[in-house]
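Novice: no sequence on this one, just coordinates:
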């Protein structure tokens, strides 16, 4: 959970700085989710070797991705 950091009486600039910090944090999280989706996709899909149970990951806006646990 992200905590908003404001002094007792925030100025307009403080709100703008916090907004920009949160936007940058969101971009970083999106980039990490994209990497995770690529890694899961590279590990295999549900049509693979028929190993163990299928584990799926659903990321909003990025679809469903699966891999088989062996």
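Specialist: Structure received. Remember, it's a predicted structure, so these values are computed and weren't measured experimentally.

Novice: Can you report how many residues neighbour residue 39?
Specialist: Residue 39 sits with 11 neighbouring residues when counted by other Cβ atoms under 10 Å. Quick note: C-beta positions are derived from backbone N, CA and C, even for glycine.

Novice: so what pLDDT did it get?
Specialist: Reading off the per-residue confidence, residue 39 sits at a pLDDT of 77.

Novice: Ramachandran coordinates for it?
Specialist: Geometry field for residue 39 lists phi and psi as phi -70, psi -40, criterion degrees, to the nearest 10.

Novice: Mind picking out the helix or strand in the chain with the poorest mean pLDDT?
Specialist: Considering only helices and strands, the least confidently modelled element of the chain by mean pLDDT, DSSP states H and E is strand 63-68, at a mean of 56.

Novice: Identify each buried residue in the host helix or strand of residue 24, please.
Specialist: For residue 24, the enclosing helix or strand under DSSP states H and E is helix 12-43. For helix 12-43, burial by neighbour count (16 or more other Cβ atoms under 10 Å) applies to 37, 40.

Novice: tell me which strands and helices that helix is in contact with?
Specialist: When contacts are defined as 3 or more Cβ pairs under 8 Å, 6 or more residues apart in numbering; DSSP states H and E, helix 12-43 sits against strand 54-59, strand 63-68.

Novice: Can you tell me how far residue 31 is from residue 25?
Specialist: Using Cβ to Cβ, to the nearest Å, one gets 11 Å for the distance from residue 31 to residue 25.
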